[in-house]
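> give the three-dimensional model of this entry:
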Amino acid sequence: MPAEKMSPVQLLAALLKDNVRTINGLVLITILVAMMSLAKHWFSDPHRFPLHVVEVKGDFRNLDKQRLQDAVAAHVEGGFFTVDVSAIRSAAEQLPWVYKASVKRLWPATLRISIEEQQAIARWGEQGYLNRNGEPFFPEASSPVLPLPALAGPQGHELKVLKNYQRVAKTLAPLGIEVARMELDNRRAWHLQVGDGVLLELGRVNTRERLQRFIRAYPTVFAARIEELKRVDLRYSNGFSVYWQQLASNPETDTQG
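Take a look at the predicted model:
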């Protein structure tokens, strides 16, 4: 009914009806907010849902499990719903031998910390290692040194050095030669140590061709005298210089064309 055709009594009744609905809605919202606040307070009480079990899982080869537990202990506080899983994960991943950590709540009172340990595939510099992604990490100086190939290079070139090492190692494998060390120096020149300390100087350019030159000469020039070989300088356009193990005061040198 249009407002202009309503009597004063009908108009007042309609206004009161609308106000009652509004008031009821506000009361309901207030009650819901209060209930949610009480529920949040109730669930956040650590004494209601305490953690009884903290599981630490992972294949620990180089990571000290006790050190891991000490690192996360300060963050394992609160109850099931309030424990800061992000802080625990961050604390675990600060350890050098931890590659990735995940933290899960298991109802009703268990916290599970799962650790993926770093997989070192080469040493890096003086105290570091590279993982399979070419990412460096640096354990404590007191950690035992793993028997891995030694790589070195300028900061930011870790992946480049690793990939080149893998290529060279695969290239030399058919000859039964293992790569012990590879270095990219600050001038971007490559130095390769193979076998029992034999040094191959590859320089900065045409390193693949220079390595192939060594491989072609290996059966006739080096194979029978590999134990006497000291250094091969391949930084020539068509040949190389050979330094044999002789008296320190009179080393024997050959230049091959």
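
> how about the strands of this protein, start to end?
Applying DSSP state E to the chain gives strands spanning 53-58, 98-106, 110-117, 122-124, 128-130, 136-137, 150-152, 179-184, 190-194, 198-203, 229-233, 240-244, 252-256.

> ok now the first one, how far from the chain's centre?
Yep, that's strand 53-58 we're talking about. 21 Å (C-alpha atoms, centre = their mean, to the nearest Å).

> against Ala73, how distant is the residue nearest the centre of the chain?
Computing the C-alpha centroid of the chain and ranking residues by C-alpha atoms, centre = their mean puts Tyr99 first, at 4.5 Å. For Tyr99, the distance to Ala73 (C-beta to C-beta, to the nearest Å) stands at 21 Å. All C-beta spots, glycine's among them, are computed from the backbone N, C-alpha and C.

> next: Thr220.
According to C-beta to C-beta, Thr220 and Ala73 sit 64 Å apart.

> those two: which has the busier surroundings?
Ala73 (12 against 8; other C-beta atoms under 10 Å).

> for the more buried one, give me its contacts.
Under the criterion of C-beta atoms under 8 Å, 6 or more residues apart in numbering, Ala73 has no neighbours.

> any idea how far Phe49 is from Arg105?
10 Å.

> please enumerate the shared neighbours of the two.
In contact with both Arg105 and Phe49: Phe80, using C-beta under 8 Å, 6+ apart.

> quick one: which of those two has more around it?
Neighbours were counted for Arg105 and for Phe49 using other C-beta under 10 Å; Phe49 has more, 20 against 15.

> could you verify my assumption that that one touches Leu111?
No. Counting by C-beta atoms under 8 Å, Phe49 sits too far from Leu111 to count as a contact (11.6 Å).

> what residue ranges in the protein score low on pLDDT?
Applying pLDDT under 70 to the chain picks out residues 1-48, 247-257.

> how about the helices of it, start to end?
Counting by DSSP state H, residue ranges of the helices within the chain are 8-43, 65-73, 85-93, 158-172, 207-217.

> my read: Lys230 touches Leu200, true?
No. Using C-beta under 8 Å as the test, Lys230 is too far from Leu200 to be in contact (10.9 Å).

> buried set for stretch 102-112?
Val103, Leu111 (16 or more other C-beta atoms under 10 Å).

> and for stretch 205-219?
Those would be Thr207, Arg210, Leu211, Arg213, Phe214, Ala217, Tyr218, for stretch 205-219 by 16+ other C-beta under 10 Å.

> Leu175 is in contact with the last one, correct?
Yes. The criterion here is C-beta under 8 Å, and Tyr218 meets it with Leu175 at 5.7 Å.

> so how far is Lys57 from Ser102?
10 Å.

> and for the two, which residues touch both?
By C-beta under 8 Å, 6+ apart, the residues touching both Ser102 and Lys57 are Ile113, Ser114.

> what is the end-to-end distance of stretch 50-63?
Stretch 50-63 has its terminal residues 29 Å apart, counting by C-alpha to C-alpha, to the nearest Å.

> please renumber so the chain begins at 57
I'll keep to 57 as the first residue from here, and by that count the last item is stretch 106-119.

> name the residues that touch that stretch?
For stretch 106-119, contacts defined as C-beta under 8 Å, 6+ apart pick out 121, 124-125, 132, 134-136, 139, 151, 153-154, 165-174, 176, 195, 199, 202.

> ok, how many other residues are close to His213?
Neighbours of His213 (other C-beta under 10 Å): 15.

> repeat for the one 4 residues further on
A total of 21 residues lie near Val217 under the criterion other C-beta under 10 Å.

> give the contact list for the nearest residue to it once chain neighbours are set aside.
Leaving aside its sequence neighbours, Val217 sits nearest to Gly209 (C-beta to C-beta, 6 or more residues apart in numbering; 4.3 Å). By C-beta under 8 Å, 6+ apart, Gly209 lies in contact with Lys216, Val217, Glu239, Leu240, Asp241.
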